[in-house]
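J.: The sequence isn't on hand, but the structure is:
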């Protein structure tokens, strides 16, 4: 792998490690906010919606961290691994973001966006699996 490709590879790994870590910290803040400020304020069904958003946000923050670490150990073109990271980030934004918005009744139009985020998550996991398969 050429020098510039190695640097790019490390930069993407670093991006996913930092983004995943910051998102995981945000999840702790959002979870505490839900437990201490929203409980009793939001109806139970909307609180559950918010908590589902936090749960999936957390899972996929860890996926980004795992992906970044994996990229540091796989000496190959980032390809599907790089794209998987961006699709994980898009999934977090679409899936969890739409659930956060629905929890605060920001618009029913957010409802159809949630499954698109779920599809992003599925696609990213398969892209990651393909990237691992290709390497080994």
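T.: Nice, I can see it. Keep in mind that what you see is a predicted model, and the values were worked out from it rather than measured.
J.: Could you use CA atoms for every contact and neighbour count after this?
T.: OK.
J.: Give me the neighbour count for residue 36.
T.: When neighbours are counted by other C-alpha atoms under 10 Å, residue 36 registers 11.
J.: ok, now residue 66?
T.: 16.
J.: residues of the lowest-mean-pLDDT helix or strand in the chain that come out buried?
T.: Least confident helix or strand of the chain, by mean pLDDT, DSSP states H and E, is helix 3-33 with a mean of 91. Neighbour counts over helix 3-33 (16 or more other C-alpha atoms under 10 Å) mark 6, 9-10, 12-21, 23-24, 26-27, 30-31 as buried.
J.: What of stretch 79-97?
T.: Residues 80-97 are the ones in stretch 79-97 that count as buried (16+ other C-alpha under 10 Å).
J.: Run the chain-centre distance for it.
T.: 6 Å (C-alpha atoms, centre = their mean, to the nearest Å).
J.: quick one: residue 107 from residue 43, how far?
T.: 16 Å (C-alpha to C-alpha, to the nearest Å).
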